[in-house]
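In: Need the 3D shape of this:
(one chain, ligands or ions: 1)
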Amino acid sequence: MASYDVIVIGSGPGGYVAAIRASQLGLKTACVEGRETLGGTCLNVGCIPSKALLHATHQLHEAEHNFAKMGLKGKSPSVDWDQMQTYKGETIETNTKGIEFLFKKNKIDWLKGWGSIPEKGKVKVGDEVHEAKNIIIATGSDVATLKGVEIDEKIVVSSTGALSLPKIPKKMVVIGAGVIGLEMGSVYARLGTEVTVVEYLDKITPTMDGEVSKNFQKILQKQGLTFVLGAAVSGVETMKTKAKVSYTLKKDDSEEVLDADVVLVSTGRKPVTEGLGLKELGVEITERGFVKTDGHWKTNIDGIYAIGDATEGPMLAHKAEDEGMAAAEAIAGKAGHVNYDVIPSVIYTHPEVAAVGKTEEELKDAGHSYKVGKFSFMGNGRAKANFAADGFVKILADKDTDRILGAHIIGPMAGDLIHEICVAMEFGAAAEDVALTCHAHPTYSEAVREAALACGDGPIHM
Ligand code: NAI
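Out: Predicted structure coming up:
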């Protein structure tokens, strides 16, 4: 039995970051992880492997659609799926090994196995019980199942199965037009799969700014994805190598059926809180199954904290990382800080989609008087040169004070461009502050400046 200042349960982006920060702050730290490798869902079966497949298939798309236009002639590459899987595996490995290195560097003990909390101040891993002055629950989330749909990870898959299909399917039905559905749907559409996305609501990525969502749908349709909106999936029937997806169209209650070789269920995720002994300890859980925390990531039980997907808020790796750092700081007696109003979200399709702050719909609903500054990538020289002129930057600012309230970008490198606005918002900047900042030419970021200019006297290149 060992004794620690902090034991973190779970080594995903929330957990490993919490452990590193705790150790940096002089706390004796261990992290419990039952997987063979560190990094949680994100590094092993989520963000990182999906980005590898998105990158590889985007290169294929470029070769097939844009190389000849640039004078790069010759046969476009053929797909070696096994090699693409190897590349994906190697990408995972370098990342998970990287965390192992960081643990060693920061003298963090990796307690291998699944952890539980038998009593306050104790963490059990296998047969061993360790003492911990503080415990951070960072157990993440798991795929939420859908009534009438059984995931077998062969024909009916979650995002995990979708990353490692034995072969590229001819027909894929994606249930849910959220982040996972559209990222993985894009991967397979680029590989030649006929992809149909069935979505319950009337728009794709329903929480996104409406204008972006509409534009995004059009672009994805151009790329070959088909959408069935306003459709509630009622069940999936599997045969030996195929499946039938039944859904009801909300507009007229008609029943429809789609055939598929593979069905991806991407209708959301649920927090992992089972098997930890939380109920027995009396740790409060919300109605929706999340660990309840106060403003300092503390649960109702002294010395037990929780962060990331296991708690309320957007299920995003970077939200978990910020909370991990902040919780470790709070334990060390410092003021941990997370600004929940400035958490960006990104969809890594091509073009990328990124957002921070309020959507136009949210401002309308709140009766907030705002102005919109918009700039299309059609007016951006770099984007035109790179065949990446689809999309726009939209900045929402307070009508009277010009303070930036939100930004929505669909376009090249949107996931990187959004951070200029995040920093601006952290500093309480006005759109004019961004507009008056010199931006290098020719860069995609000029489109952000032009959108900021559009909040004032107008953009130059439109
Ligand atoms: P999601 O919450 O993003 O989207 C689920 C979609 O499924 C919604 O549009 C919803 O209306 C629809 N839906 C629900 N029930 C349905 C039904 N019966 N029939 C048809 N449609 C239905 O969930 P997703 O894509 O599974 O992602 C899970 C979590 O993982 C999200 O919180 C997401 O933010 C996170 N994630 C983030 C990524 C990123 O930041 N790039 C990448 C992958 C996942």
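
In: Quick one: residues contacting the closest residue to Lys292 other than its chain neighbours.
Out: In this structure, Lys292 finds its nearest non-sequential neighbour in Glu284, 4.1 Å apart by CB to CB, 6 or more residues apart in numbering. In short, each C-beta sits where N, CA and C put it, glycine included. Counting by CB atoms under 8 Å, 6 or more residues apart in numbering, Glu284 touches 291-292, 299-300.

In: now, which of those residues sits nearest Asp80?
Out: Asp80 lies nearest to Val291 out of these, by CB to CB, at 43.7 Å.

In: can you tell me which residues contact the residue of the stretch 301-450 of the chain found nearest the ligand?
Out: Using CB to the nearest ligand atom, the point where the stretch 301-450 of the chain gets nearest to the ligand is Met315, with a distance of 3.4 Å. Residues touching Met315, when contacts are defined by CB under 8 Å, 6+ apart, comprise 141, 269, 309.

In: that's a strand at it, yeah?
Out: No. Under DSSP: H, G, I helix; E, B strand; the rest coil, Met315 sits outside any strand and is assigned coil.

In: And it, how far from Ile136?
Out: Met315 is 17 Å from Ile136, where distance means CB to CB, to the nearest Å.

In: Out of the contacts of Met315, grab the one that's most surrounded.
Out: Looking at the contacts of Met315 with neighbours defined as other CB atoms under 10 Å, the largest count falls to Asp309 at 29 neighbours.

In: tally of neighbours for the residue lying closest to Thr160 once chain neighbours are set aside?
Out: The spatially closest residue to Thr160, leaving aside those adjacent along the chain, is Val45, at 4.5 Å (CB to CB, 6+ apart). By other CB under 10 Å, 20 other residues sit near Val45.

In: change the start of the numbering to 39 and stick with it
Out: From this message on, residue numbering opens at 39, which makes the last subject Val83.

In: For the residue of the stretch 339-488 of the chain closest to the ligand, which non-adjacent residue is closest in space?
Out: Counting by CB to CB, 6+ apart, Met353 lies nearest to Asp347, which is 4.6 Å off, once chain neighbours are set aside.

In: now the one you found, what's its secondary structure?
Out: Following three-state DSSP, we place Asp347 in the helix state.

In: How about the contacts made by it?
Out: By CB under 8 Å, 6+ apart, the contact list for Asp347 reads 50, 52, 178-179, 307, 309-310, 353, 358.

In: Check Val225 too.
Out: Each residue near Val225 by CB under 8 Å, 6+ apart is listed here: 88, 91-92, 95.

In: quick check, the one helix or strand it maps to touching the ligand?
Out: Applying DSSP states H and E as the criterion places Val225 in helix 217-228. Yes. Using CB under 6 Å from any ligand atom, helix 217-228 comes into contact with the ligand via 217-219, 221.

In: Repeat that for stretch 236-244.
Out: Yes. Using CB under 6 Å from any ligand atom as the criterion, contacts between stretch 236-244 and the ligand involve 236-239, 244.

In: Going by neighbour count, which residues in that stretch are buried?
Out: 236-239, 241-243 (16 or more other CB atoms under 10 Å).
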